[in-house]
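# sequence and predicted structure below; questions after.
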Amino acid sequence: MAPDHRPKHDLKVTDSAALKALAHPARRRLINELAAGRVLTATEASELVGLSPSAVSHHLRALARYGFAERAETSEDGRERPWRALATGVSFNPSDAAGARVINTLIQDELQALARNLAGILTREIGDDSTRGMVGISSSETWLTDDERATLLEQLESLLDSLPKRHSRNAPEGATRVSLLVSL
């Protein structure tokens, strides 16, 4: 029986240089695919992120340098050199003002991507089968203690961990890529 190489934990990043390196849009897309269990070569990953294989190879090496990815077993002829995740995802937790600025930029990028996705959905006729249930936003506000906030995060992480780990190649037909943005 082959050893289980699936990651079991999030990589928690607090250093501002690491935050900046891992927040790069191409690297975030690679992180999402690898964290869902996909094993990718630079050539396969280049199709996902729209960059050349050599540029993607640079990004994959950066993910390895910061502890997120590693080389997987190579093919028998040694020409394919795939990569796999060492973590289930990345938690960005800034420890200084520089890191907070990176997080602010990351949040703005995520919100802009969300707005683009929603605009694409809204240009189609709302209510037809292709858009039903795809558009939604929920907002809630309360005051929490540090312990309550930590408990909420643990519960959210547990819920998210219970979802199927899927990526662009193993999603069932009809599945839609879903993004969850939580602000605490």
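On my side now, so go ahead. Residues are numbered from 1 along each chain as shown.

# quick check: mean pLDDT across the helix or strand residue 147 falls within?
Take DSSP states H and E as the rule and residue 147 turns out to sit in helix 146-162. Taken as a whole, helix 146-162 has an average pLDDT of 89.

# I would like the residues contacting it, please.
10, 88, 144, 180, 182, 184 (Cβ atoms under 8 Å, 6 or more residues apart in numbering). Any C-beta I mention is one placed from the backbone N, CA and C, and that applies to glycine too.

# the host helix or strand of residue 47 packs against which elements?
Using DSSP H and E, residue 47 maps to helix 42-49. Here helix 42-49 touches helix 25-35, helix 53-65, going by 3 or more Cβ pairs under 8 Å, 6 or more residues apart in numbering; DSSP states H and E.

# circling back: buried residues in the helix holding residue 147?
Within helix 146-162, no residue qualifies as buried by neighbour count (16 or more other Cβ atoms under 10 Å).

# equivalent analysis for stretch 95-109, please.
Here stretch 95-109 shows 99, 102, 106 as buried, counting by 16+ other Cβ under 10 Å.

# distance check, residue 41 against residue 35.
17 Å (Cβ to Cβ, to the nearest Å).

# when these two are compared, which one has more neighbours?
For residue 41 versus residue 35, neighbours defined as other Cβ atoms under 10 Å are more numerous around residue 35 (23 against 19).

# contacts only, for that one.
So residue 35 contacts 7, 85, 87, 88, 89, 90, 165 (Cβ under 8 Å, 6+ apart).

# and the first one, what's its pLDDT?
It refers to residue 7. pLDDT, read off for residue 7, is 60.

# who are the contact partners of residue 16?
Per Cβ under 8 Å, 6+ apart, neighbours of residue 16: 94, 95, 96, 98, 99, 102.

# make CSV out of those residues and add pLDDT and distance to residue 47.
Shown next, in CSV, are the contacts of residue 16 (pLDDT from 0 to 100; distance: Cβ to Cβ, whole Å):
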residue, pLDDT, distance to residue 47
94, 86, 32
95, 86, 35
96, 88, 36
98, 87, 33
99, 86, 32
102, 87, 27
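
# low-confidence stretches in the chain?
In the predicted model of the chain, residues 1-8, 75, 77-78, 121-137 satisfy pLDDT under 70.

# the helix ranked longest in it vs helix 25-35, what angle?
The residue-count maximum for a helix in the chain (DSSP state H) belongs to helix 97-123. With axes from the mean of the first three to the mean of the last three Cα atoms, to 10 degrees defining the directions, helix 97-123 sits at 80 degrees from helix 25-35.

# chain center to helix 97-123: distance?
Chain-centre distance of helix 97-123: 13 Å, with Cα atoms, centre = their mean, to the nearest Å.

# next: stretch 153-162.
With Cα atoms, centre = their mean, you get 15 Å for stretch 153-162.
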